[in-house]
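> Here you go, sequence then predicted model.
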Amino acid sequence: MDQKSPQAKPLKKPITIKDIAERLKVSVATVSRALRGSTEIKPETKEAVLKMAKDLDYHPNLLASSLSSKRSKIIGVVVPTINRFFWSNSISGIENIAYKENYKVMIFQSGESYKKELEIVETLANSRVDGIIIAFSKETTNYDHIESVMNRGIPVTLFERVTESIKTCKIVTDDFAGAKEITEHLLARNRRRIVHIGGPRSLEVCRERLAGYRAALREQGIAPDPNMEIELSEFSFDTGGETIERLWRRLEKPDALFCFADIIAIGALHAAHNLGISVPEELAIAGFGDDITSKFIRPALTTMAQPSFEMGQTAAKMLLHSILENEVQEDCDCISVKPTLMVRDST
């Protein structure tokens with residue numbers, strides 16, 4: 001038997017202040033002032049307008065409001081990915097401060113793609129956001145899109161993945177100090193064949209962690225060895241596992257790994273277990289970031305904890321100050337936050 005498909009109902013047109021004005025037989029300007037809480041409107045008129053707005057389920061047009069006020073009360077946030085604890089927790093910190101200032105947050109992830117990052121930044125600028133907080137993708141080496149946005153009067157705060165070529169507010173982890181400290185910890189455990197598994201050196205954060213690792217070795221009279229420095233293009237569980245499998249085929253095996261990110265270290269821990277490698281007796285493994293899973297795996301991961309929530313809060317405060325003061329802060333300082341060594345069972 002043929003069944004008739006249900007007939008689609010046309011979408012209702014949104015109620016406007018003109019509709020309210022027509023129902024009450026007053027001017028659009030009167031309705032607008034009443035909804036804004038103007039003291040120029042008689043109390044009985046204001047009460048009638050508010051009641052009619054509620055009865056008709058009226059909702060203000062935020063875009064129209066932003067055009068008249070010159071502010072959208074929205075900030076854009078661009079991160080490489082949201083499925084890593086550092087980024088998601090940072091976003092929570094940003095939203096925490098933004099909400100207190102009656103700001104909404106639009107969140108985008110570049111997926112580590114420069115092309116997508118360009119599109120997102122242009123979309124945000126055209127959407128009339130009041131400001132942008134951004135952590136660059138691993139592919140980003142050109143920053144003209146940020147200069148362009150700032151030249152249009154939109155303030156930008158750079159977060160964690162930054163560049164010295166842009167003069168604006170920045171907040172970063174002290175990656176050099178953190179990498180140096182965790183390498184020193186491994187050296188204090190009598191490890192001498194320490195492999196650094198890092199990320200793409202196009203990123204300043206990767207270069208800083210590599211530099212900290214090298215500095216700790218040099219202080220102990222150990223010359224950095226390019227064969228002990230591995231550059232990964234992907235930060236993932238799988239790349240951590242694949243790397244340790246390659247390392248364990250070497251004639252001279254490492255006795256410690258310092259991984260650029262916890263997700264890499266966790267992948268290495270998993271692969272070590274499958275290969276029958278005893279951690280930390282045969283191989284000490286350390287990460288960076290203090291991912292939420294790091295303390296729950298076995299053995300629990302030694303790592304550098306980053307105060308990601310607080311860093312997000314600071315980034316939001318920086319940006320909102322620029323917005324509310326109506327200035328692009330070219331001379332704003334770069335805040336560097338020192339991470340904390342979390343010694344656990346993997347070392």
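Sure thing, it's come through.
> Give the residue spans of the chain that score low on pLDDT.
Flagging of the chain using pLDDT under 70 yields the residue ranges 1-12, 61-70, 327-331.
> domain parsing for it?
With the TED database as the criterion, the domains of the chain are listed as 17-60, 72-172+308-336, 175-305.
> what's the closest of these to Met342?
Across the domains of the chain, Met342 has its closest neighbour in domain 175-305 (5.1 Å, Cβ to Cβ). Any C-beta I mention is one placed from the backbone N, CA and C, and that applies to glycine too.
> Just put the domains of the chain in a markdown table and tack on distance to Asp345 and mean neighbour count.
Shown next, in a markdown table, are the domains of the chain (distance: least, Cβ to Cβ, whole Å; neighbours: other Cβ atoms under 10 Å):
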| stretch | distance to Asp345 | mean neighbour count |
| --- | --- | --- |
| domain 17-60 | 54 | 15 |
| domain 72-172+308-336 | 20 | 19 |
| domain 175-305 | 4 | 19 |
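> how about CSV for those, with distance to Thr347 added?
Listed next are the domains of the chain as CSV, based on distance: least, Cβ to Cβ, whole Å:
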stretch, distance to Thr347
domain 17-60, 56
domain 72-172+308-336, 20
domain 175-305, 4
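> Any idea which of these gets closest to Arg344?
Nearest of the domains of the chain (Cβ to Cβ): domain 175-305, 3.8 Å.
> quick one: the closest one to chain centroid distance?
Centroid separation for domain 175-305 versus its chain: 23 Å, with Cα atoms, centre = their mean, to the nearest Å.
> check which helix or strand covers Leu186.
Following DSSP states H and E, one finds Leu186 within helix 175-188.
> Mind checking what helix or strand follows that helix in sequence?
Using DSSP H and E, the helix or strand that follows helix 175-188 in sequence is strand 194-198.
> and the helix or strand following that next one with strand 194-198, angle?
Downstream of strand 194-198, the first helix or strand assigned by DSSP H and E is helix 204-219. Using axes from the mean of the first three to the mean of the last three Cα atoms, to 10 degrees, the inter-axis angle of helix 204-219 relative to strand 194-198 is 170 degrees.
> Give the other helices and strands that helix 204-219 contacts.
Here helix 204-219 touches helix 175-188, strand 194-198, strand 229-231, going by 3 or more Cβ pairs under 8 Å, 6 or more residues apart in numbering; DSSP states H and E.
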